[in-house]
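*Asks:* pasting the structure only:
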């Protein structure tokens, strides 16, 4: 019993050190690139440079030195020269870095306003992402206007639409309506995708995890209905595609993560 307890303490300590290493890696490129990113953020089309740095420097730097590599299985090649909305299950702090490896076409995240508080990173984030204060109805509605601006500049949008996404015991939570309203309003397609490994290998809470391959399965683009009254059906359709992608994974990695988290909480 004592040996088991000691082993468990060592395992958790290694996990905490690995997590701290991840956060350190996340900060290094931002600090070194900050002068160039700050200048780019002032220019109307400067996001192209910010996205390039995020995709080809920041994301690979963090993933590789954290012990991860990505493998993306495209059911259909991502559109070139047109805007779309990337939608995926949200399973981990590492999801945004994986998403940068999915699309070569510049996209803008719709993300929570709280990230602005992070020193240095927050300055760039405030100018490069569409921020939303989920506690404010006014902020949530204001997102649509800010998204309109990004779409008018030719960028795509990335949204992780799950509610209560940090509950690792839930296989796939229901979706918020924002991504689907944007898709219908602008008549641009949604590209659904399943993040198969992030929940098991780098979950929200450091109770388990390990380095290795992070697989993504993307699916054919889904065009929105013409009528806003069909929003809920559209939302359920996209949810079903992502759910099916997670369920049909031969390795069942996402499912194993949910089971593991439930067992930990039960004990």
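*Replies:* Here it is on my side, so go on. Quick caveat: nothing in here was measured; it's all calculated off a predicted structure. Residues are numbered from 1 along each chain as shown.
*Asks:* mind checking which helix or strand of this structure has the lowest mean pLDDT?
*Replies:* None of the helices or strands of the chain scores lower by mean pLDDT, DSSP states H and E than helix 137-152, at a mean of 78.
*Asks:* mind naming the longest helix for this protein?
*Replies:* What stands out as the longest helix in the chain, according to DSSP state H, is helix 2-42.
*Asks:* show me what that one is packed up against.
*Replies:* The elements that helix 2-42 packs onto, with contact taken as 3 or more CB pairs under 8 Å, 6 or more residues apart in numbering; DSSP states H and E, are helix 47-53, helix 59-65, helix 121-128. Every C-beta, even on glycine, is put in place using the N, C-alpha and C of the backbone.
*Asks:* tell me the pLDDT of the closest residue to residue 88 other than its chain neighbours.
*Replies:* Excluding its sequence neighbours, the residue lying closest to residue 88 (CB to CB, 6 or more residues apart in numbering) is residue 193, at 4.6 Å. Looking at residue 193, its pLDDT is 98.
*Asks:* quick one, what contacts residue 193?
*Replies:* Counting by CB atoms under 8 Å, 6 or more residues apart in numbering, residue 193 makes contact with 86, 87, 88, 102, 216, 217, 218, 219, 242, 245.
*Asks:* okay, residue 103 and residue 62: tell me how far apart.
*Replies:* Separation of residue 103 from residue 62 (CB to CB, to the nearest Å): 17 Å.
*Asks:* swap in residue 110?
*Replies:* For residue 110, the distance to residue 62 - CB to CB - is 21 Å.
*Asks:* so who does residue 168 touch?
*Replies:* Residue 168 touches 199, 203, 204, 205, 257, 258, 261, counting by CB under 8 Å, 6+ apart.
*Asks:* run the chain-centre distance for the longest helix of the chain.
*Replies:* 17 Å (CA atoms, centre = their mean, to the nearest Å).
*Asks:* tell me the mean pLDDT for that helix?
*Replies:* 88.
*Asks:* isn't residue 179 right next to residue 85, touching?
*Replies:* Yes - Residue 179 is within contact range of residue 85, at 5.5 Å (criterion: CB atoms under 8 Å).
*Asks:* between these two, who's got more neighbours?
*Replies:* residue 85 (28 against 24; other CB atoms under 10 Å).
*Asks:* run through the bridge partners of that one.
*Replies:* Beta bridges link residue 85 to residue 157, residue 190, judged by DSSP bridges.
*Asks:* return the distance of residue 38 relative to residue 53.
*Replies:* Distance from residue 38 to residue 53, by CB to CB: 12 Å.
*Asks:* same thing with residue 195?
*Replies:* Distance from residue 195 to residue 53, by CB to CB: 23 Å.
*Asks:* between residue 179 and residue 85, which contacts overlap?
*Replies:* Common neighbours of residue 179 and residue 85 (CB under 8 Å, 6+ apart) are 157, 159, 190.
*Asks:* give me the below-cutoff pLDDT ranges for the protein.
*Replies:* 1-4, 133-141 (pLDDT under 70).
*Asks:* how about a cut-off of 50?
*Replies:* Scanning the chain for pLDDT under 50 picks out 1, 3.
*Asks:* who are the contact partners of residue 214?
*Replies:* Applying CB under 8 Å, 6+ apart, the residues contacting residue 214 are 63, 68, 69, 70, 71, 94, 98, 195, 196, 197, 198, 201.
*Asks:* one more time with 6 Å
*Replies:* 68, 70, 98, 197, 198 (CB atoms under 6 Å, 6 or more residues apart in numbering).
*Asks:* is it in a bridge, and if so with what?
*Replies:* Bridge pairing for residue 214 (DSSP bridges) gives the partners residue 70.
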